[in-house]
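Enquirer: Need a 3D model of the following:
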Amino acid sequence: MRVVVVYKDQTDYTRTVLDYLRDFQHQTGHELETMDPDTAGGTQFCETYDIVDYPTIIAVSDDSVMQNSWRGLPLPTISELSYYVQ
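Expert: Below is the predicted model of the structure:
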């Protein structure tokens, strides 16, 4: 399972996302993958999974099938998201 946090840096929600990433790692011991939608790989990823709102957290299975997504604020609870992190 792959969990990706897609967000743009230097926005009004950046601090919220960075705090969430830090808290998630502290509480679960797992680091979440992050992606900038303004990069070549980020643009392709966003097009593939129809991501147009930021921040978005998306859980994708090993065979690239979207399992769940959370768009915008508020972000999901850490316990809710930790279900998708192995």
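Enquirer: Which strands and helices lie in contact with the top helix by length along the chain?
Expert: Of all the elements of type helix in the chain, the one with the most residues (DSSP state H) is helix 14-28. Helix 14-28 sits against strand 2-6, helix 78-82, with contacts defined as 3 or more C-beta pairs under 8 Å, 6 or more residues apart in numbering; DSSP states H and E. Bear in mind the C-beta positions are built from the backbone N, C-alpha and C, glycine included.
Enquirer: how far out from the middle of the chain is the first one?
Expert: If you compare the mean C-alpha spot of strand 2-6 with that of the full chain, they lie 3 Å apart, counting by C-alpha atoms, centre = their mean, to the nearest Å.
Enquirer: sorry, back to before: okay, the helices and strands packed on helix 14-28, which one's buried deepest?
Expert: Neighbour counts (mean count of other C-beta atoms under 10 Å) averaged over each of those peak at strand 2-6, with a mean of 20.
Enquirer: Phi first, then psi, for the residue of the chain positioned farthest from its centre.
Expert: Most distant residue from the mean C-alpha position of the chain: D63, 17.7 Å away (C-alpha atoms, centre = their mean). Main-chain torsions, D63, degrees, to the nearest 10: phi -100, psi 20.
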